[in-house]
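>>> Fold the following, please.
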Amino acid sequence: MTMMTILAKQPSLGSQFDEKSMHTVTEEAKKVALNGEFSLPKEFSHNEFTTPEINSFGHSFRDYDVESERQKDVEEFYRLQHINQTYDFVKKMREHYQKLDKAEMSIWECCELLNQVVDESDPDLDEPQIVTNYNLLKPSEKIILMKIDHGKILLLPQFGELPQWAVVGDTFPVGCAFDEANIHHKYFKYNPDFKNPTYSTKEGVYTKRCGLNNVMMSWGHDDYMYLVAKKNGSTLPSAGLFIIRYHSFYALHKEGAYAHLMNDEDRENLKWLHVFNKYDLYSKNKVLVDVEKVKPYYQSLIEKYFPAKLKW
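From the prediction side, this is the model:
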């Protein structure tokens, strides 16, 4: 039995990426070697991106329009998220959780906690998160290490038991206008920031090309896990931290929205995010893996990039 200590209660972007442009970004990403840490194995090829066409419910991936009970629940999730994720709310969450005073545990101990978590915003899967996190296409690729949704432990009582809308779902900047590329954009009109003149312009409180690191994103598991990795001294390179923080930022990496806020480093890191996104999205089917069988491999990668125990 694992033990943990609980400390408290608690390229230039177009408007749309098609398959051809995705292939181009992928080819560019293969040539990138970030300090030698993420050079891809020789067997890596575009053929690996042959992916299933349907999700675990028999529909296309990320199809938010199909009629089903699951989709109704997902839309209700986004209604609540879009109303409640304000600039002030995000600021308070970041100030509270950056203290990292909830627990001390290893990455793998956190993985096992994910057995208790199901993401209600996901239209493609209704499995516990430890299953989706390790249902991988090829465990030989180091880049897969970044498929870590560990921040979803925020749903659990010992980490605050936040509502789903404050933990999961697509992310987006707050403090500036809500781009129409965001899923279920219509519900933003009920957000207090929607008509606030400080936050309702294209740049809002930011400046053009300020860099995403200077932008407040909607609060959730992405930003929380980024804070955990950063403040615990993870040795992941810039691209790894970028993937952790922005892998749910679909308005950017699928539609090209908010590109005016990116700097040159963001554009380079986005190439890696496009490679990662193929693994992240299309691993969401119900072909299960033996978690114990792959555990030694992932533990060796975890040890390379993270300390034995982290503060959460």
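>>> pLDDT averaged over the longest helix anywhere in the chain - what is it?
Counting by DSSP state H, the longest helix found in the chain is helix 264-282. For helix 264-282, mean pLDDT is 83.
>>> elements contacting it?
Packing contacts for helix 264-282, counted by 3 or more C-beta pairs under 8 Å, 6 or more residues apart in numbering; DSSP states H and E, involve helix 19-31, helix 238-246, helix 250-253. Where C-beta positions appear, they are placed from N, C-alpha and C, glycine not excepted.
>>> One more pass at 6 Å, please.
The contact analysis (3 or more C-beta pairs under 6 Å, 6 or more residues apart in numbering; DSSP states H and E) places helix 264-282 against helix 19-31, helix 238-246.
>>> Confidence-wise, which of these is weakest overall?
Across the helices and strands packed on helix 264-282, helix 19-31 gives the lowest mean pLDDT, at a mean of 42.
>>> continuing past it, what's the next helix or strand?
helix 69-84 (DSSP states H and E).
>>> Next secondary structure after that next one?
Using DSSP H and E, the next helix or strand after helix 69-84 towards the C-terminus is helix 87-97.
>>> residues of that next one that come out buried?
The neighbour-count check on helix 87-97 (16 or more other C-beta atoms under 10 Å) flags 87, 89-90, 93, 97 as buried.
>>> nearest to Glu265, of those?
For those, the closest approach to Glu265 (C-beta to C-beta) belongs to Val90, at 22.3 Å.
>>> how near is the closest residue to the closest one other than its chain neighbours to Glu268?
Leaving aside its chain neighbours, Val90 sits nearest to Trp219 (4.7 Å; criterion: C-beta to C-beta, 6 or more residues apart in numbering). With distances taken as C-beta to C-beta, to the nearest Å, Trp219 is found 26 Å from Glu268.
>>> Which one of these two is surrounded by more residues?
Trp219 (27 against 18; other C-beta atoms under 10 Å).
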